[in-house]
Structures are given as C-alpha cells and as structure tokens.
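Novice: What follows is a protein structure lacking sequence information:
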C-alpha cells in the first residue's frame, strides 16, 4: 500500500503531525506500507524551507526514501525561491494535481 | 481525472486555499484534470454565502464549470436559508454522503 | 459505500464536526452508507477520552455500530493509557496505517 500526505496547512501542529505520521508509516512494523510521499502546498510549503524548524526532519525522511514535492504555484504566490527549500525537495506545477494523480494510481490520501 | 474539494473548515485561510486550489486545478496546463467539484459543509458553508468575502470567487468558479454543493444538514443546523447562498449553489442532503459517493465513483479527495 | 473519518485534529470545532458527520452518515436517508468508522490519532485522540466532552457522543455512536480506533503510537507519545479512553474504543498500532488499509479496501476518506 502507498500513502500520500497532503501537507497543506500553515498550522505548525498540523505540520508536525504530518511529519510524524510520515515517520510512523515508514516504521510501521506490520509492513503494510510500501511507499510514502509528501506533497506540500499553500501554508504547508513553509515546513519545507531550509531555514525552517522542520528542515532536519524533512532531510531525514528523504534520506529514508520519502519524496517531498512542493507546489510551484505556491512558491510563486508566496514569493519563495525553489533554492530556499531543503535540498532534494522536488517541485510539481500544482500540488493538488499531483495528489489527484497519485490517488488515481491507487495511493491512499492522508491530510493530517 | 476528477477532484472533489471538501470545504469543511470554518478557517478563512483554509477556505481561501480551497478556492485557490479549485482555480489551479481548472487552469492546470498538464490537462490531467477533467472535473472539479466543491462540497461545502460545517464551517465551510460560510464561504458560499452571497454576502461573504468569497462570493465573487464562487461565482467565477461556477461560471467556469465547477459545481458547488452545500450540505442541507449544515444549513439547518446553522439556520442559514438556501436563498442566502450564492445563486447557482446546489444543495445535497448531507455533504459527507456526497463526498463519499464521488469517491466511490473514482474522484480524488482533497481537503485543503 | 463505506466512509472512514480521520479524527486527527486537536481543534475542538473540527472534532465536533467529525462526530456530527459520523452521526449524519448513520442517519442518511438515502441509505447509501453501509459502514462508518472513526480512526483517531494525534490531537484527535483527546476526543475519545472518557473524561472528555465528547465521551457521550462516542458511546452513542459505538452503540449504533460505529467502531472507534485509537492510535497506539499517539497514546504512547501523549502518555495516555488505553484505560483512559471510552470503554469500547479499540486500538491500532498506527492510525495512518489503518486509514490507508481501509482506503485500500475501498473506503472513502473524510477529514473534517
């Protein structure tokens, strides 16, 4: 099974929960989860900035195989450069399209 | 692909994000999105009132083919008349049933 | 059709909405909903404590056939004993795995 986490909230508690859930899915002992991905947009993009509080967690999750994808529409709207994101974060033109695409391929959706 | 946006939050930032995402899905240049619908209930219903801050955005999205469906259970609970919603907003008996139905037909779920 | 409600927020309004939606799904007159389940984790777990404001609603929904499943990872992280939850609430090792599993079986996802 595959799970995509929609990191869309600007609320720091919800961002923290999203990253915790990504970690818990990876470490699930029942081994039911094959892949985890995180798609960030709107206020959620702030969790992926290299000078943010969660940069180390994002790096650690990427090291363990979780791709992070930031929404280019959000970057433009918030005037954030791609270079301000943690190294290794990918971008997609629109986060909601990416989340839709993954659900269409059978990924489960989680919105912490 | 088809995407249903669950407009369920009373938070104005989340409502703003939901409408922005609807617009971005429509304008997606990859042309992967065939249909977008918005189902509003609970605090999210306030975004659909004709005297609300988002009335013009709702009208514009409807003009561009996005149906908006408000939850009748919410209208009753909040003592809002259907006539207070933006013209053209449809109602469904229960928003969560509508969202479940659409997912059953293969629509992706988005909860900004 | 089957609907799983992800009770993941610590916000009391969102918790209230989640329980209202569970009730409305049960009482839906269109009879399209065969099963409703609630999976609680992160801040949402507080809605399931026996001394919380929603204990009576949780009991009533369980009496009417809605299973409630609390996340053991959350209980450990928040130092909450399983005995502090409303009697009858089940636990699962990780809430997000359970929600993924149900979506894989065709359940619709709702995140109020």
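Specialist: Structure received. Only a predicted model underlies this, so the values are computations on that prediction, with no experimental measurement involved.
Novice: From here on, just use CA atoms for contacts and neighbour counts.
Specialist: Fine.
Novice: Now name the helix or strand holding the residue of chain A found nearest chain B.
Specialist: In chain A, the residue that lies nearest chain B is residue A:100 (5.4 Å; C-alpha to the nearest C-alpha). Here residue A:100, judged by DSSP states H and E, is contained in helix A:95-104.
Novice: Identify the residues contacting the following helix or strand past that helix?
Specialist: Downstream of helix A:95-104, the next assigned helix or strand under DSSP H and E is strand A:108-110. Applying C-alpha atoms under 8 Å, 6 or more residues apart in numbering or on different chains, the external contacts of strand A:108-110 come out as A:1-6, A:99, A:103, B:109, C:96, C:99-100, C:103-104, C:109.
Novice: Give me the secondary structure label for residue A:58.
Specialist: helix (DSSP: H, G, I helix; E, B strand; the rest coil).
Novice: who's in contact with the closest residue to it other than its chain neighbours?
Specialist: Nearest residue to residue A:58, sequence neighbours excluded (C-alpha to C-alpha, 6 or more residues apart in numbering or on different chains): residue A:48, at 6.9 Å. When contacts are counted by C-alpha under 8 Å, 6+ apart, residue A:48 touches A:40, A:54-55, A:58, A:70, A:85-86, A:89.
Novice: Just the residues you listed: which are in strands?
Specialist: Secondary structure assignment by DSSP state E places A:40, A:70 of these in strands.
Novice: Mind putting the contacts of residue A:48 into CSV with pLDDT and neighbour count?
Specialist: CSV is the format used below for these (pLDDT from 0 to 100; neighbours: other C-alpha atoms under 10 Å in any protein chain shown):
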residue, pLDDT, neighbour count
A:40, 98, 31
A:54, 98, 19
A:55, 98, 18
A:58, 98, 26
A:70, 98, 27
A:85, 98, 22
A:86, 98, 21
A:89, 98, 21
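Novice: out of the contacts of residue A:48, what pair is the most spread apart?
Specialist: Using C-alpha to C-alpha, the contacts of residue A:48 reach their maximum pairwise distance at A:54 and A:70, which is 14.5 Å.
Novice: neighbours around the residue in chain A that chain C sits nearest to, how many?
Specialist: For chain A, the residue closest to chain C is residue A:108, as judged by C-alpha to the nearest C-alpha, at 5.4 Å. For residue A:108, the count of nearby residues is 29 (other C-alpha atoms under 10 Å in any protein chain shown).
Novice: Equivalent analysis for residue A:110, please.
Specialist: Residue A:110: 26 surrounding residues under other C-alpha under 10 Å.
Novice: Who does it form a beta bridge with?
Specialist: Beta-bridge pairing for residue A:110 (DSSP bridges): residue A:5.
Novice: can you check residue A:92 too?
Specialist: residue A:71.
Novice: got a list of what it touches?
Specialist: Residues in contact with residue A:92 (C-alpha under 8 Å, 6+ apart) are A:69-72, A:98.
Novice: what about chain A, any weak spots by pLDDT?
Specialist: In the predicted model of chain A, no residue satisfies pLDDT under 70.
Novice: Mind telling me what element residue A:32 is part of?
Specialist: Using DSSP H and E, residue A:32 sits in no helix or strand.
Novice: Which residue, other than its chain neighbours, is closest to it?
Specialist: residue A:1 (6.0 Å).
Novice: what does residue A:16 give?
Specialist: Distance criterion C-alpha to C-alpha, 6+ apart; nearest residue to residue A:16, sequence neighbours excluded, is residue A:54 at 7.9 Å.
Novice: Give the burial count for residue A:107, as a bare number.
Specialist: 23.
Novice: I'd like the distance between it and residue B:65.
Specialist: Residue A:107 is 27 Å from residue B:65, where distance means C-alpha to C-alpha, to the nearest Å.
Novice: Surely residue A:38 touches residue A:4?
Specialist: Yes: counting by C-alpha atoms under 8 Å, residue A:38 touches residue A:4, with 5.7 Å between them.
Novice: which one of the contacts of strand A:108-110 has the most neighbours?
Specialist: Each of the contacts of strand A:108-110 was scored for neighbours by other C-alpha under 10 Å, and residue C:96 scores highest at 29 neighbours.
Novice: Contact partners for that residue?
Specialist: Contacts of residue C:96 (C-alpha under 8 Å, 6+ apart): A:21, A:25, A:110.
Novice: what's the burial count for residue A:31?
Specialist: Residue A:31 - counted by other C-alpha under 10 Å - has 11 other residues nearby.
Novice: can you check residue A:62 too?
Specialist: Applying other C-alpha under 10 Å, we find 18 residues neighbouring residue A:62.
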